[in-house]
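>>> Sequence below, structure please.
(one chain, ligands or ions: 2)
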Amino acid sequence: MKLNIKKEARRFTHFAFRLNLNKANVARDRKRNFLCDKTVTAGIIMLAITVFMLSYAAFATYDVKILVNGERVQTSTAPYIENGSTLIPLRDVFETLGAEVVWDDEDRFAAAAKDGILVQIYPDSGRFIKNGQEIELPAPPKITNDRIMVPLRALSEAFGYNVLWSGDDYTVSITDTKVLKVHFLDCGQADCAFVELPDGKCMLIDAAESSFGKTLEAYIRDKGYTHIDYVIATHPHSDHIGGMAHILESFSVGTFYMPNVPHTTKTYEKMLDALVGNECECVYISTGYDIEIEPYSIKVLSPLLEEYIRMNNYSAVTKLSYKDTQVLFSADAEATAEEEMINGGFDLTADILKAGHHGSLTSTTHRYLSAVSPKDVVISVGRDNSYGFPASAVLSQIEAIGARVHRTDLEGNITAVSDGYIYVIENE
Ligand SMILES: [Zn+2]
Ligand SMILES: [Zn+2]
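Numbers count the residues shown, from 1 in each chain. Ligands and ions are numbered 1, 2, ... in the order given. You can find the predicted model right below:
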């Protein structure tokens, strides 16, 4: 390894001093925990390298890609997966993230420092040290090709970075910005999505039936929000706006959006009363209305017409874009509205589609699916619902285009997390 040891050691001492760490104590702790016979250590390292070299051949075909804030990092040694952990060359990745990385050749450990965080990593140890505290590692760091390879997620999270892994294309994405989280909530035979936006704001799209109001309030508070920036009531059916009155009574709201279609139900009137009490701004939305807030946008694609025969087609259909990730919320839009959107020439493409009208036959036509071309389709649907949703024909169409189906009745809450470059779908 080509290293200017003295220079590196000086730099490391400087970090330790700057971070007000007692290096001597840390070193003593380290020695207590890690010191062992040098011959044994050398033997273990040789064995580990041999095991690694043998196993590497199996991993090499995967060609793990690493993105740091969207830019691909060219690594001097190829990353590989071991025990479910991705091991990456420490210096290549963490220097790209702005950390300073040094190697202490005398005591044989690597140190990386950034923003008051100092980590020390020891080859073949199941633990690393963060600001003097020992933390378990899922896989021990390894030396290969004169590089120290470290478990990516544990080290990245130690510095507070976000790490997302896409098994589709073997890509790891590390970012130091906030992520987008779209929670499709398991709310029975109804619809409700809570969105945590990457600028710290939040948005609620529908609030399910009134019986879900308190659960939803608790969910939002649990996520740390006391104010909802954007609320969209897609259309006045009770399975979408039932819980809205409770939400409007429980939170301050920035702007409330809904299509311009009145209804005569008690649920609708209760929502209007709560709106008056909330004093939020109210906006009618239709095709062409955009909420553009860098680095994301929310575009309204429907309703396009002023009148429809069926209430569901008044649904506010919105497309949320955050850099490379798009989510299309179809509410209860049916084939009529879907056709208008296609004929309107809008860019409907989205990674994730919330299927229209709970997966019923009235929606998610083949033409619409082809235009959206989603990789993942979420269906908000109640367990053993009396409507027989989702329709098996809809499920087969989704399967036919090669998209994955996620159902709230089978999976519970479904969360899509995106850092703007890749996204993952998780179950809560
Ligand atoms: Zn409806
Ligand atoms: Zn509905």
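
>>> Walking through the stretch 251-400 of the chain, point out its strands one by one.
When assigned using DSSP state E, counting those that start in this stretch, the strands of the stretch 251-400 of the chain occupy the ranges 252-258, 281-284, 290-293, 296-302, 317-322, 325-329, 352-354, 376-379.

>>> For residue 177, which of the ones you listed is the nearest?
strand 317-322 (10.4 Å; CB to CB). C-beta coordinates here come from the backbone N, C-alpha and C atoms, glycine included.

>>> The stretch 251-400 of the chain against ligand 1: which residues are in contact?
Contact residues (CB under 5 Å from the ion) of the stretch 251-400 of the chain with ligand 1: 312, 332.

>>> doesn't residue 393 make contact with residue 361?
Yes - counting by CB atoms under 8 Å, residue 361 touches residue 393, with 6.1 Å between them.

>>> ok, those two, which is more surrounded?
Each of residue 361 and residue 393 has its neighbours counted (other CB atoms under 10 Å); residue 361 has more, 17 against 12.

>>> Report the contact partners of the more buried one.
391, 393, 394 (CB atoms under 8 Å, 6 or more residues apart in numbering).

>>> got these as a markdown table, with pLDDT and distance to residue 218 columns?
A markdown table is the format used below for those (pLDDT from 0 to 100; distance: CB to CB, whole Å):
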| residue | pLDDT | distance to residue 218 |
| --- | --- | --- |
| 391 | 96 | 32 |
| 393 | 96 | 37 |
| 394 | 97 | 32 |
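
>>> before we move on, back to that, can I get the strands of the stretch 251-400 of the chain in TSV with mean pLDDT?
As requested, those are arranged in TSV below (pLDDT from 0 to 100):
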stretch	mean pLDDT
strand 252-258	97
strand 281-284	96
strand 290-293	88
strand 296-302	97
strand 317-322	98
strand 325-329	98
strand 352-354	98
strand 376-379	98
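
>>> Highest mean neighbour count out of those?
Stretch with highest mean neighbour count among those: strand 352-354 (a mean of 27; mean count of other CB atoms under 10 Å).

>>> That strand: partners in the sheet, and parallel or antiparallel?
Using DSSP bridges, strand 352-354 pairs in its sheet with strand 325-329 (parallel), strand 376-379 (parallel).

>>> Could you work out the end-to-end span of stretch 345-353 for me?
End-to-end distance for stretch 345-353: 18 Å, by CA to CA, to the nearest Å.

>>> oh sorry, the question was meant for stretch 246-260
21 Å.

>>> Residues contacting it, please?
201, 204, 207, 210, 213-214, 216-217, 220, 225-236, 271, 274-275, 277-278, 280-286, 289, 300, 303, 314-316.

>>> So which of those are in helices?
213, 214, 216, 217, 220, 271, 274, 275, 277, 278 (DSSP state H).

>>> do you know how far the last one is from ligand 2?
Put plainly, it is residue 278. In this view, residue 278 and ligand 2 are 23 Å apart by CB to the ion, to the nearest Å.

>>> Return the nearest residue of the stretch 51-200 of the chain with respect to ligand 1.
Residue nearest to ligand 1 within the stretch 51-200 of the chain: residue 191 (8.1 Å; CB to the ion).

>>> who in the stretch 251-400 of the chain is up against ligand 2?
Going by CB under 5 Å from the ion, the residues of the stretch 251-400 of the chain near ligand 2 are residue 332.

>>> pLDDT below threshold where in the stretch 251-400 of the chain?
Within the stretch 251-400 of the chain, no range satisfies pLDDT under 70.

>>> And for the residue of it found nearest ligand 2, the neighbour number?
Using CB to the ion, the closest approach of the stretch 251-400 of the chain to ligand 2 is made by residue 332 at 4.4 Å. If you count neighbours by other CB under 10 Å, residue 332 ends up with 25.

>>> Now do the contacts for it.
Residues near residue 332 by CB under 8 Å, 6+ apart: 191, 234, 235, 237, 240, 311, 312, 315, 356, 357, 358, 363.

>>> rewinding a little: and the strands paired with strand 352-354 as JSON lines, adding distance to residue 346?
Output for those, formatted as JSON lines (distance: least, CB to CB, whole Å):
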{"stretch": "strand 325-329", "distance to residue 346": "10"}
{"stretch": "strand 376-379", "distance to residue 346": "19"}
